[in-house]
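Undergrad: Fold the stuff below for me.
(one chain, ligands or ions: 1)
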Amino acid sequence: MAMDCPALDGEPLVEAREGLARLCVPDPKRYLRPDGVYEPAWAPVFYNPRMAFNRDVAVVFLRAWAKLRGVDEPVVVEPLAGSGVRAVRYALEAGAGRVYAVDIDPVAVRLAEINIEVNKVADRVYLAQGDANAFLHTLRSKKARVHLVDLDPFGSPAPFIEASLAALRGRGVLAATATDTAPLTGTHPAALRRRYDVVPGRSFLEKEQAVRILAGYIIRRAASREYGAKVLLAYYADYYVRVYVELVPGARRADKSLESLAYLAFCPKCGIAWYASKPWRPGGCPRCGSQPQLIGPVYAGPLCDEKLVDEMIRVASEASWLSNQARTLELLRQLREECGLVNPHYRVDKVASVLKVNMPSPRLVVEELRRLGYRATLTHFDKRGVRSDAPPDVIYNVVWRLSPSNAG
Ligand SMILES: C[S@@+](CC[C@H](N)C(=O)[O-])C[C@H]1O[C@@H](n2cnc3c(N)ncnc32)[C@H](O)[C@@H]1O
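TA: Okay, the predicted model is just below:
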């Protein structure tokens, strides 16, 4: 049955559905760019239907994580809540016992209130208007138990990470979305250095570099509070980075987590990247011997936890209500393949161009590497990429042999 949405400050609202939630949101038709595409940032409250996928993965994550950790009715904080859609979905779909939803904008809070009401989750979703960091620090001072903080800001989550870690008090999960991909991919090096405190650069692995910079930044901030931090899931989709990092208190654990950091070293001439643990002695390019360029520190460990992803796949395959069930499963299955392979991926097109041959199909390269006894998979970061534990000379050899230029 169609729902009657009230007006919000004279602004007509329309119905939208996402997961199990029914929502009232600003009418997208009123905020179209000249090219006819909806621009959510122009609406009085931010609601982006394209982020439904991000939220699908988030509810699947929480269900799987809570199951594996034996947590009943987890407590979630969403300190940048916008329309309230994410908070409502955590309550409706992920079994959250309590969700704190906060936004600084009073209009957003009024819309979130409508959506909480419509979905009958007012007993579980607590709404507040105010500054995210102030709210998170209040939770810390009250010693409230928090299992998950989900940061979904405009742009960078960096300004909210300290307070999120404070609220979590070294236990639970910090999930963060970053849409400031121009800095993270190295297009704006000054902003990259400023926000994430790294030696900036632009490699040919833009999306992987972006994910690893954000994960590394969270690990370093957590370590400064003597929390160990483990990356449970980290990926790139559409135009954003998303990471889920689990915290455990303890100085030793923090030291151990810091061991998962390194510098991303790359040779633009040969199209090869590797990790350098000692930036002052990064080693030469394994192919041409020249000095590499460096970015970092970055997280140099696995992009996911295999047990968690297996459980997420199980949860997602039963969750037919998800807005993007097929895409969620596709991402999780691909990440599952990539979990154990920590080396930066190879760009088959770059290697082929250095060899001055046409690019072979990355799928064929993967098959050949496996036949030779190496671990190999495609990567969700790039259709032209291959992730493998094979050394560069093997990759070069395989690309050369499989190139259509050398067929016959
Ligand atoms: C990208 S939107 C959130 C979208 C929402 N999480 C979702 O899944 O649809 C970012 C929100 O953060 C709010 N915001 C910005 N700065 C804030 C701050 N310092 N404290 C609390 N909320 C803030 C904005 O008003 C906006 O509603």
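Undergrad: which bits of this protein sit near the ligand?
TA: 46-47, 51, 55, 79-83, 85-86, 102-105, 108, 131-132, 152-154 (Cβ under 6 Å from any ligand atom). Just so you know, the C-beta spots here come from the backbone N, C-alpha and C atoms, and that holds for glycine as well.
Undergrad: Restricted to helices, list those residues.
TA: Using DSSP state H, the subset of the residues of the chain next to the ligand located in helices is 55, 85-86, 108, 132.
Undergrad: ok, of the residues you listed, which come out buried?
TA: 55, 85-86, 108, 132 (16 or more other Cβ atoms under 10 Å).
Undergrad: could I get those residues as CSV with pLDDT?
TA: As requested, these are exported to CSV (pLDDT from 0 to 100):
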residue, pLDDT
R55, 98
V85, 98
R86, 98
A108, 97
A132, 98
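Undergrad: Pull the most distant pair out of those residues.
TA: Spatial extent of those (Cβ to Cβ) is set by the pair R55 and A132 at 18.1 Å.
Undergrad: Nearest residue to A132 in space, please, no chain neighbours.
TA: The shortest distance from A132 to any non-neighbouring residue, by Cβ to Cβ, 6 or more residues apart in numbering, is to P79 (3.6 Å).
Undergrad: and A265, what does it touch?
TA: A265 sits next to 273-276, 282-283, 292-294 when contact means Cβ atoms under 8 Å, 6 or more residues apart in numbering.
Undergrad: try 7 Å this time
TA: By Cβ atoms under 7 Å, 6 or more residues apart in numbering, the contact set of A265 is 273-276, 282, 292, 294.
Undergrad: and what of L369?
TA: 376, 388, 390, 398.
Undergrad: hey, where'd the helices end up in the chain?
TA: So, for the chain - with DSSP H - the helices run 52-69, 85-93, 106-118, 132-141, 158-168, 181-184, 189-196, 206-224, 251-258, 306-318, 325-338, 348-355, 362-371, 392-402.
Undergrad: mind checking pLDDT for G408?
TA: Looking at G408, its pLDDT is 65.
Undergrad: Hmm, F135 and A163 touching each other?
TA: No - counting by Cβ atoms under 7 Å, F135 is not a contact partner of A163; they are 8.2 Å apart.
Undergrad: what touches both of these two?
TA: Joint contacts of A163 and F135 (Cβ under 7 Å, 6+ apart) do not exist.
Undergrad: ok, now which ones touch the closest residue to R140 other than its chain neighbours?
TA: Computed as Cβ to Cβ, 6+ apart, the closest residue to R140 that is not its neighbour in sequence is A166, at 4.5 Å. If a contact means Cβ under 7 Å, 6+ apart, then A166 has 136-137, 140 as its contacts.
Undergrad: With K143 instead?
TA: K143 is in contact with no residue at all, counting by Cβ under 7 Å, 6+ apart.
Undergrad: Could you check how far it is from H137?
TA: Distance, K143 to H137, by Cβ to Cβ, to the nearest Å: 12 Å.
Undergrad: ok, now A182?
TA: Relative to H137, A182 is positioned 30 Å away (Cβ to Cβ).
Undergrad: List the residues that contact R384.
TA: By Cβ under 7 Å, 6+ apart, the contact list for R384 reads 347-349, 362.
Undergrad: Which of the residues you listed sits closest to the ligand?
TA: Using Cβ to the nearest ligand atom, R347 comes nearest to the ligand of the contacts of R384, at 31.3 Å.
Undergrad: tell me the domain ranges of this protein?
TA: Annotated domains of the chain cover 13-308, 345-407 [the TED database].
Undergrad: what's near enough to touch Y227?
TA: Y227 neighbours (Cβ under 7 Å, 6+ apart): 165, 170, 247-249, 254.
Undergrad: So which of the residues you listed is the closest to the ligand?
TA: For the contacts of Y227, the nearest to the ligand is L165 (16.3 Å; Cβ to the nearest ligand atom).
Undergrad: Compute the number of surrounding residues for the closest residue to V365 other than its chain neighbours.
TA: Spatial nearest neighbour of V365, excluding adjacent residues (Cβ to Cβ, 6+ apart): V386 at 5.2 Å. V386 has 25 neighbours, counted by other Cβ atoms under 10 Å.
Undergrad: how much space between V386 and V398?
TA: 9 Å.
Undergrad: who touches both of the two?
TA: Taking Cβ under 7 Å, 6+ apart as the contact rule, V386 and V398 both touch V365.
Undergrad: Centre-most residue in this structure?
TA: Nearest to the mean C-alpha position of the chain, by Cα atoms, centre = their mean, lies R242 at 1.0 Å.
Undergrad: any idea how far A191 is from the ligand?
TA: From A191 across to the ligand, the span is 18 Å (Cβ to the nearest ligand atom, to the nearest Å).
Undergrad: Can you read off the pLDDT for that residue?
TA: Note on A191: pLDDT of 98.
Undergrad: what sits against it?
TA: P183 are the contacts of A191 under Cβ under 7 Å, 6+ apart.
Undergrad: okay, now the residue of the stretch 151-300 of the chain at minimum distance from the ligand: neighbour count?
TA: In the stretch 151-300 of the chain, the residue that lies nearest the ligand is D152 (3.5 Å; Cβ to the nearest ligand atom). For D152, the count of nearby residues is 26 (other Cβ under 10 Å).
Undergrad: Would you agree it is in contact with A81?
TA: No - here D152 lies out of contact with A81, judged by Cβ under 7 Å, at a distance of 8.3 Å.
Undergrad: Now do V366 against the ligand, distance only.
TA: Separation of V366 from the ligand (Cβ to the nearest ligand atom): 35 Å.
Undergrad: wait, that residue sits on L378?
TA: Yes - using Cβ under 7 Å, V366 is in contact with L378, at 6.0 Å.
Undergrad: who touches both of those two?
TA: Residues touching both V366 and L378 (Cβ under 7 Å, 6+ apart) are V386.
Undergrad: Not counting residues beside it along the chain, what's closest to V25?
TA: Closest residue in space to V25, ignoring its immediate chain neighbours: Y47 at 4.3 Å, by Cβ to Cβ, 6+ apart.
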